[in-house]
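Asker: Return atomic coordinates for the entry below.
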Amino acid sequence: MIVGVVGAGTMGSGIAQVAARAGHRTLVFDAEPGRAAKACAEAAAGFERLLAKGSLSAAEAAAAGDRLVAVDTLADLAACGVVIEAIVESLDAKQALVAKLADQVATDAILATNTSSISIDAIAAGIVSPGRVIGMHFFNPAPVMRLVEVVYGTGTERAVVDRVCELAASWGKVAVRVASTPGFVVNRVARPFYGEAHRLLEEGAADAAAIDAVMREAGGFRMGPLELTDLIGQDVNLAVSRSVWEGTGFDPRYTPSTYQRSLVEAGRLGRKSGRGVYRHPGEPPKPATEPPRRPPTTVRSGSGTGVLTDLVERARRAGIQVDDVGDGADPHLELDFPAARARFGAGEPATGRREDKPVVVLDLALDYLTATRLAVAPPLGCPPEALADVVGFLQAAGLAVTVLADSPGLIVTRTVARLANEAVDLVSRGIVSAEEVDTAMQLGANYPIGPLEWGDRIGPSLLCQTLDNLESYYRDGRYRPGPFLRRIALAGLSLRDGADRQVPEVRRHEHG
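Answerer: This next block holds a predicted model:
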């Protein structure tokens with residue numbers, strides 16, 4: 001089968017490289033004269049790099065390069081069995097291009113769009129056979145990133161979905177079937193990853209370096225959200241947020257950040273402009289880390305430590321004596337120190353608790369046994385000796401400690417709760433399967449584990465409690481638990497099982 005690629009920018013060149021390497025004669029067109037030939041040369045250079053790494057033989061690299069052909073007109077794509085457009089992210093431009101392609105290629109040729117957020121139905125509107133229009137959303141860089149979101153509209157034929165999934169698999173990609181919805185899966189679920197970091201920065205809970213460090217060293221993410229938006233481009237990231245916000249009827253869950261908007265207005269777009277959240281080039285500032293404290297002499301643990309069980313185990317492995325008192329304490333952790341108590345921060349601020357000792361709130365970690373940093377938040381007016389007890393305990397267990405201003409949900413906890421809530425919502429509506437949403441976020445966004453898997457580690461009831469507490473504090477609609485998450489919590493099911501069970505039958509059988 002001959003593959004056509006329209007749009008010879010970074011994504012188009014990468015997609016052409018993928019198709020040609022997989023054995024397809026690949027025709028590349030761009031409206032800018034000379035750009036298609038340049039893209040073919042860039043793709044061929046990619047084969048040479050693979051040859052140098054030993055991933056391709058000389059014969060394979062040469063053959064793949066020979067399969068790349070720059071063409072001068074859309075009419076030259078007439079023999080293509082599939083054409084993938086990768087032009088500017090504009091509905092009007094994509095609609096017009098797809099309409100032209102529909103007149104140039106065979107009636108059974110597939111017309112695919114690499115859009116990251118535009119409705120497939122909208123792009124297909126007006127052509128005679130909208131059933132062959134489908135999304136193939138590659139991730140940058142296309143030759144490296146394994147995920148392809150295969151996005152179908154209400155009119156896309158099931159056979160087309162199947163063919164495109166098979167094609168993507170033959171190219172070495174992992175295809176995830178997605179019903180067309182604002183932001184699709186990866187860009188939709190990922191909005192809280194960026195949005196919560198911006199909100200914490202706006203509120204003065206921590207500086208950028210601390211937020212990024214906690215998300216990396218406690219949350220296990222490859223990059224912190226603020227350094228990642230500098231890499232992506234603050235303007236690009238903001239545009240996606242606005243698209244999802246507008247596409248969902250201005251749902252407050254997706255309201256763009258005023259902080260990010262101010263960065264864009266000031267021209268601080270990230271690495272490409274030399275300054276965003278950070279200055280580029282240059283090393284980001286080091287996160288604030290507590291100086292060494294003496295560990296407490298007495299540590300007592302309630303009978304059910306829940307999500308923080310591994311933290312207690314880590315402390316014991318480090319030689320810290322933690323006594324089980326078995327007094328029916330809070331099942332999500334209550335450690336008792338001489339001058340303070342420490343609890344898991346399930347969306348509640350530390351300030352305002354009426355207890356005999358100050359409560360220092362502990363943040364979530366992906367794995368308390370291996371994390372290198374943990375965030376904590378003391379209540380306003382917390383005595384220094386109370387905070388020192390908790391910090392000394394964590395340091396003795398081998399953790400660097402970052403102290404935040406008292407913010408409900410701290411950093412990792414509030415972010416993960418919202419990621420899981422988004423994933424449950426999409427699965428329960430039949431947009432994507434439970435297995436595939438986790439796969440998509442790991443392969444498309446480089447998350448350490450999928451949001452449903454992480455949510456199940458925490459537990460649906462605690463997730464609901466965390467989001468309810470955050471919503472009660474902010475009262476802005478941003479943190480409300482979805483109805484599907486609440487049903488799962490009430491039913492006592494896992495997120496993955498419960499979300500799949502709620503899929504409407506009309507969606508369950510729509511595209512398999």
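Asker: quick one: Leu462 is in a helix?
Answerer: Yes. Under DSSP: H, G, I helix; E, B strand; the rest coil, Leu462 sits within a helix.
Asker: and this protein, what are its domains?
Answerer: For the chain, automatic domain parsing gives the domain ranges 3-180, 188-273, 300-403.
Asker: Give the rounded mean pLDDT of the first one.
Answerer: In this case it means domain 3-180. Mean per-residue pLDDT for domain 3-180: 96.
Asker: So what would you say the end-to-end distance of it is?
Answerer: Taking CA to CA, to the nearest Å, the first and last residues of domain 3-180 lie 23 Å apart.
Asker: before we move on, what about the last one?
Answerer: Start and end residues of domain 300-403 are separated by 22 Å (CA to CA).
Asker: Just the mean pLDDT for that domain, thanks.
Answerer: 87.
Asker: what does the second one give?
Answerer: Mean per-residue pLDDT for domain 188-273: 96.
Asker: centre of the chain versus it, how much separation?
Answerer: Remark: domain 188-273 is offset 11 Å from the chain centroid, using CA atoms, centre = their mean, to the nearest Å.
Asker: Please list all residues in contact with Ala190.
Answerer: The neighbours of Ala190, taking CB atoms under 8 Å, 6 or more residues apart in numbering as the test, are 419, 441, 445. Quick note: C-beta positions are derived from backbone N, CA and C, even for glycine.
Asker: now, which of those residues sits nearest Gly459?
Answerer: Using CB to CB, Leu419 is the member of the contacts of Ala190 that sits closest to Gly459, with 15.0 Å.
Asker: That closest one touches Tyr194, doesn't it?
Answerer: No. Judged on CB atoms under 8 Å, Leu419 makes no contact with Tyr194 at a distance of 11.1 Å.
Asker: picking up where we left off before, now, which of the contacts of Ala190 sits nearest Ile488?
Answerer: Leu419 (15.4 Å).
Asker: Give me the phi and psi angles of the closest residue to the closest one other than its chain neighbours.
Answerer: Nearest residue to Leu419 in three dimensions, chain neighbours excluded: Pro451, at 4.1 Å (CB to CB, 6 or more residues apart in numbering). Here the main-chain torsion angles of Pro451 (degrees, to the nearest 10) amount to phi -60, psi -30.
Asker: where does Pro451 land on pLDDT?
Answerer: pLDDT at Pro451 comes out at 98.
Asker: Please enumerate the helices of the stretch 151-300 of the chain.
Answerer: 158-170, 186-189, 191-203, 208-217, 225-232, 234-247, 258-265 (DSSP state H, counting those that start in this stretch).
Asker: Tabulate these (a markdown table), appending distance to Leu74 and mean neighbour count.
Answerer: As requested, the helices of the stretch 151-300 of the chain are exported to a markdown table (distance: least, CB to CB, whole Å; neighbours: other CB atoms under 10 Å):
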| stretch | distance to Leu74 | mean neighbour count |
| --- | --- | --- |
| helix 158-170 | 21 | 17 |
| helix 186-189 | 29 | 24 |
| helix 191-203 | 35 | 22 |
| helix 208-217 | 45 | 24 |
| helix 225-232 | 31 | 24 |
| helix 234-247 | 27 | 20 |
| helix 258-265 | 34 | 17 |
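Asker: Rebuild those as TSV, extending it with distance to Asp108.
Answerer: Converted to TSV, those look like this (distance: least, CB to CB, whole Å):
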stretch	distance to Asp108
helix 158-170	9
helix 186-189	30
helix 191-203	37
helix 208-217	47
helix 225-232	37
helix 234-247	31
helix 258-265	43
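Asker: related to what we said a few turns ago, go through the domains of the chain and name the closest to Phe484.
Answerer: Closest among these, using CB to CB: domain 188-273, at 13.8 Å.
Asker: Could you find the residue nearest the spatial middle of this protein?
Answerer: Of all residues in the chain, the one closest to the mean position by CA atoms, centre = their mean is Ala190, 3.5 Å from it.
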